[in-house]
Every structure is written in C-alpha cells, then in structure tokens.
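Q: I'd like to go over a predicted model; first the sequence, then the structure.
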Amino acid sequence: MKISKSIKIKLFREMLRIRLIEQTIASKYHEAEMRCPVHLSVGQEAIAVGVCQNLKKNDKIVTAHRSHAHYLAKGGSIKKMLGELYGKVTGCAKGLGGSMHLIDLNAGVFAAVPIVGSTIPIGTGIAWANKLKKKKEIVAAFFGDGATEEGVFFESLDFASLHDLPILFVCENNEYSVYSHISKRQSSKRSISKIANSFGIESLQIDGNNIEDIFLETKKIIDKVKSKSKPFLIELKTFRYLEHCGPNNDDKLNYRTNKYLNLWKKKCPIINYQHHLKKYNYLTTKEIEKMNMKIRAEIFHAFNFAKKSKFPEKILLKKYIYA
Amino acid sequence: MLKNIKKITLAESIREALVLSMKKNDNVILVGLGVDDPKGIFGTTKDIDKIFKKERVFDFPTAENAMTGISIGASLLGMKPVIVHQRVEFSLLSLEQIINQAAKWFFMNGGTKSVPLVIRLIIGRGWGQGPQHSQSLEAIFAHIPGLKVISLSTPYNAKGLLISSIEDKNPVIIFEHRWLHEIQGEVPKKYYKIPLGKAKVVKKGTDITLVSSSYMVIECLRSAKILKSYSIDVEVVDIQSLRPLDIQTIMNSVKKTKKAIIVDNGGINFGISSEIIARLYENFSNKEKSICKIERIGPPDNPIPSTRELAKYCYPNYLDIIKKTEKLLKKKFKNLEKYKDNIPLDQPNKDFMGPF
C-alpha cells in the first residue's frame, strides 16, 4: 500500500510538532515554572504518530508516564497540556494531576498514570465496555518494556483474549527502565511479542523509528482489531534521547554505551523522514522551514497562555475528592 | 407482618439489592470469582445469572488487581461494576488499583471523570479460618480520601446501603461480615436507599453509648439487653459509614450520655476506634473533655490464629463490653455468669458445624 503525499506530510508534521514542543519544554524547564516531573518523548515520536493517525476521534488511548507524544498525537489540546505542566487551573486536570496525568476526553485521551503498567487493565476495561455496549470503537494502550514485567500485563492479556476485546497493546521498547537495561530485568530467552502469542493474541514486531512502517502496519492491524474484535500486540523497539525524567541529556552517566548511542542517533525518526521527503520531492527545504515557523508560533502562543493562566484556588483541594 | 415487608436473611437482602439495581439500571454488572457458581457467594448472588443475560454476571480470573483496573476502565464508559471478593484479604492484591487509581481518579483528572465502582469485601471469622481469612481491614480503606467505606450490620441496612452504593458516583468499599449473612430481619420489598455518610442510633438510651459497626453491633445490642436488667439504659450507635464518618451523630450521643465505649470490629491500633476517639476530643469543649469518659474494645494486637483454643482470646464479646461498662460506670454487676451463652467463640451459633 502506498502512502499519499498529504498523509506523508501529515506524519512528518505531527512528529516534528511533538519534537518541537518537547524541546521547548526542555529549554524552558530551567526557568523552574514547570515544577513537575517531565518524561519527555524525544526520539519516540514515530510510534505515537504512526499509531494515532490510524485511530478515529472516538477511539480511546491510555498511556503511562511518558505520555506527551501520545496525548498530542491523539489530538489532546497543547494549551491544556502546558497549563497542566505549569500547574495552572487551565490545565487538562486543573493542575491537580501534572505531567503524569494528562487527560483529554474530547480527543479520546482517557488515562495517563505513572505507576508502571497500571493503565493496561484500565484500557482493557474500556475495551470491555465498548464490547458490552456494542460500540465499534477500539482502545490503544501504550506502555513500555518495563510494564511487561508487571502482573497486570499478564492478567490483562488473559482477559482481553478470553473476551475477544478490541484493544491494541502498544509496547514501546526503549530497553531502559530508568537506568536499568532490559538485560538486567528480563531473560534473554523472553520475548514480549511471544508472551502475547501464548495468550492466543497475535503480535508483530515493528521498527519503532520507521514512521511509514508503523503507520502502514498498524493500519492493517487496527482494521482487524476493529472488524474482528480481537486484541493484538505490537512491540516497537525505539530509543529515548534524553534522561528518563527531566529536560537533560544524561549520556555522560555512561549507562548506555557510545556504540549504542551512536547507532540509535543515526536512526532519528524525524531527521531520517525529512531526508526521505526532501529526496523524493515531497517537501522542499523552504516548505519545511515554513512548517517549522508555523509550529513554533503555535507553541509560543500555547506557552504564553499557560504562563499567563492563573493557579487553581484553594477550594479545588476539596472540590474533586468525591463526585 | 405488612404485605410490603418480609423477613429475610442479610444474604437475601444483598441479593435483592443487586437484582433490583440490575433491573433499574442496565449498566450494573456483577463481577467476582464464583459470582455465578452454584453457591453464589454465600447466597448473595445465587442464580442472578439465570435472571439476567450472560453479559451481566461475570465470573472472573483470579487476577484481582487487573480485574479491579478492568472494572475501573468499564466504569469510565458508564458501566457500574459490582465486584465481590469472598474474603477481604483477596482485595489486598488490588490495593494499587483501588488506592492509586479508583480513589484518586476524579481528583487527579481535575473533576473530569469519576469511578463509580462498588467492591464488596467479606470478613471471615471462626472455625479456624486463621491469619489470612479473618481480618477486618476497614481502617486501611477508610484512610484513603476518595473512597467511601460502608459497613453492613442488618438485613435492612444491607439492602438500603448497597442500593445507595450502586447509585453513587464514587468508588465504594462495602464490608460484609460472614457471620451476618444468615441473620434475619424485616426488609421492605421495594427499592429503597439509606444515605451513605450517616450513622444510625439503633437503640436509644441515656446512661452509656456503645459505638460500633458490622458484627460487633450485634454484640453491643446483646450487652445492652443484659445491662437493662441491671437498670442501665444503653444507647447503641451503628457507624454504618466509616468514610465519610458521621461524627456528629456519634458526638450527639456521647454528649448526652457522657460515657462511651467504641467497640472496634478490627484491631484498635491506628484503627476506626482511634479515629473516632480523636475526632470526639477534637470537637469537645474543655468541659466536655473533662466530663466525658471514653473507652474502647477490639481484637488484640496480633494476627488471628487458627486454633480455637487461642482464637477465643481474639474476639471480645457482649460480656467484655459489659465488663468495660462496669469499669466506666464504676459499678459491679452481680451474677453475670448466668448470661453466658456457652457458644464457642468460633461459631456464630450452636447449630453451626462448619466450614465457612
């Protein structure tokens, strides 16, 4: 299947937009106005964009601590996201949740929490309700390689398979849980995608930095999840550019070898895709510059909005304990 | 008896609440290990799967944490899952989803969406059930803002409180005592609600207040009956709602009688009785602080052993409450021995021959 020019440009633009937003957060973090942990998605944009471009507005996603890319790719409001990072009442959770609790029901972003693996069952439950209510919508549950070590991962796979739930499990495998490499956490004989198979769930490994592969493969898979009401798991190897939590590069800590870093830095999903689009004349340098300018203007306004917004009033401390 | 009231057991009254709620709201579903099995969770869900379609009653995998998360997810799309665990202890596997997720969902999303979920927990006791089948862990849940914690004590309040819990928009934890499933009481046939967050004065009196919940309310009422023959007029308050706690009703009673025993169903250290006494003193005037005398009773500070020979030291009963009353009132009641019922402490009644 071929990808049209307009879709190619959209895929690129979406990735670039997320990258620029994350980089702006990183550059402004030292101002100490965004006083909450940030787990930036730099380097992992292709997965969020490739999957979410195949989801409809009413489809839902759940995600974890590194959720900015998923939230933005699914159509979550940038203003509300930044408002949340600044702890303002205009934030998507009125400042009560912070960077690790992004939500935008209008865009189908239903949950993001930092306890590893904990939204996997919640996403499974949303898919279950979709099935019980005979809705044709699906859920995509994003999680990392660390989450596949949690009990709820296995428990949820079993239930999703048992009840044929329309859910796409998306495992972003960046090989690191904070500083702990996957080889220290999982047996080399273990395979995340084969774990799914043992529950009777089909799976596929996809290059997590190749936007077109992700887009095309998940398009087929999502059609299947929807039409057959079956769960599916995709595992995508990828690379986190910055530190686990925070705005900085932490390569000097040497927990990842130079060889590893150099290999992955050649695989930047955005730079590589930009080369491709330029090489085959989908975009000119000038058009890319224009695109950059437009995105930067949007980001500038969104940051201004967040900074100028008010902090929540004390009354909110008690207002949302009970519905 | 009136036509619209009948005498049923607490288990039957729970079943009625579930069936009526499911008839009223198509989104109410029952989930739990064995919820549709031949015994139907001590009769509380028996044959409900035969009344409704298969999509309403779900046996589930022994995966308590994920099943709680899955129920949270379903509730976000408007379902009303009622989870049941056959013993309190199984729910401990799901504390992550209950405490981190369900309890905080509404708050941490800035009031965007709440989790309307009911979790029924059954407290075991006696017949050698031992350390992991006999815990009253209400205090763990009552500690958490965002949860509501309810404790059932009679067939009447079981039905009304469960119906209210199912209608509530928040996660509600309901404690049922296994020894109460078979007790009988008069229950209206209709769908009725008892508001959450309210205590109830179940017996009026003037000399001393007994404050309790769950099974220990029964022991309080027994002691009140005996104390009456010693001319002591006891008031008994059933807490019913541990969170939110209706401290006002308890306070009004204690201010009136000036003497109170808080009879804890669970361990007293860092427990429900600790909280009630602290709140009373926080709200007392200086004069009330000096006049009011408050004591508490609860299981001792050790795990519950299996052997009946040692378990008998772990459950205070009506006689212990009476002895504590003697101390508080500075009285000595003669011939108390005649009120001993000689039922072993590990049996709910003489006829019970186990197992649970």
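A: Perfect, thanks for sending it.
Q: ok, now which ones touch residue 66?
A: Defaulting to chain A. Each residue near residue A:66 by Cβ atoms under 8 Å, 6 or more residues apart in numbering or on different chains is listed here: A:39, A:40, A:41, A:44, A:144, A:172, A:240. For the C-beta atoms, the positions are set from N, CA and C on the backbone; glycine is no exception.
Q: try again with chain B
A: Per Cβ under 8 Å, 6+ apart, neighbours of residue B:66: A:120, A:121, A:124, A:151, A:152, A:155, A:156, A:159, B:97.
Q: 7 Å instead, please
A: A:121, A:152, A:155, A:156, A:159 (Cβ atoms under 7 Å, 6 or more residues apart in numbering or on different chains).
Q: Pull out the buried residues from the contacts of residue A:66.
A: Neighbour-count burial (16 or more other Cβ atoms under 10 Å in any protein chain shown) applied to the contacts of residue A:66 gives A:39, A:40, A:41, A:44, A:144, A:172, A:240.
Q: what about the single nearest residue of chain B relative to chain A, which SS state?
A: Nearest residue of chain B to chain A, counting by Cβ to the nearest Cβ: residue B:73, 2.1 Å away. Here residue B:73 is recorded as helix under DSSP: H, G, I helix; E, B strand; the rest coil.
Q: which non-adjacent residue is nearest it?
A: Nearest non-adjacent residue to residue B:73, counting by Cβ to Cβ, 6 or more residues apart in numbering or on different chains: residue A:125, 2.1 Å away.
Q: about what we covered before: could the contacts of residue B:66 go into a markdown table alongside pLDDT?
A: What follows is these, written out as a markdown table (pLDDT from 0 to 100):
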| residue | pLDDT |
| --- | --- |
| A:121 | 98 |
| A:152 | 97 |
| A:155 | 98 |
| A:156 | 98 |
| A:159 | 98 |
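Q: filter the residues you listed by proximity to chain B?
A: Filtering those for proximity to chain B by Cβ under 7 Å from any Cβ of the partner chain leaves A:121, A:152, A:155, A:156, A:159.
Q: Counting only helices, which of those residues make the cut?
A: Within these, residues falling in helices by DSSP state H are A:121, A:152, A:155, A:156, A:159.
Q: show me the contacts for residue A:34.
A: A:25, A:28, A:85, A:86 are the contacts of residue A:34 under Cβ under 7 Å, 6+ apart.
Q: again, 8 Å this time
A: So residue A:34 contacts A:25, A:28, A:85, A:86, A:87, A:99 (Cβ under 8 Å, 6+ apart).
Q: The helix or strand that contains the first one: which residues count as buried?
A: Here residue A:25 sits within helix A:5-28, counting by DSSP states H and E. By neighbour count with 16+ other Cβ under 10 Å, helix A:5-28 contains the buried residues A:8-9, A:11-26, A:28.
Q: distance of residue A:319 from chain B?
A: According to Cβ to the nearest Cβ, to the nearest Å, residue A:319 and chain B sit 7 Å apart.
Q: Tally up the residues packed near that residue, please.
A: Applying other Cβ atoms under 10 Å in any protein chain shown, we find 16 other residues in the vicinity of residue A:319.
Q: ok, now residue A:134?
A: Considering only other Cβ under 10 Å, residue A:134 is surrounded by 7 other residues.
Q: So it, which state does it fall into?
A: Relying on three-state DSSP, one would call residue A:134 coil.
Q: Show me the two of the ones next to chain B among the contacts of residue B:66 that sit farthest apart.
A: Spatial extent of those (Cβ to Cβ) is set by the pair A:152 and A:159 at 10.1 Å.
Q: Where strands are concerned, which of the contacts of residue A:66 count?
A: A:144, A:172 (DSSP state E).
Q: List the residues that contact the residue of chain A found nearest chain B.
A: With Cβ to the nearest Cβ, the shortest gap between chain A and chain B falls at residue A:125, namely 2.1 Å. Counting by Cβ under 8 Å, 6+ apart, residue A:125 makes contact with B:69, B:70, B:71, B:72, B:73, B:74, B:75, B:76.
Q: For these, pick the one with the most neighbours.
A: residue B:70 (35 neighbours).
Q: Could you pull up phi and psi at that one?
A: Backbone geometry at residue B:70, expressed as degrees, to the nearest 10, gives phi -60, psi -40.
Q: And it, how far from residue A:132?
A: Between residue B:70 and residue A:132 the computed distance is 11 Å (Cβ to Cβ, to the nearest Å).
Q: what sits up against stretch B:144-151?
A: So stretch B:144-151 is in contact with A:321-322, B:98-99, B:102-107, B:138, B:141-142, B:161, B:165, B:168, B:170-175, B:196-197, B:213-214, B:239-244, B:265, going by Cβ under 8 Å, 6+ apart.
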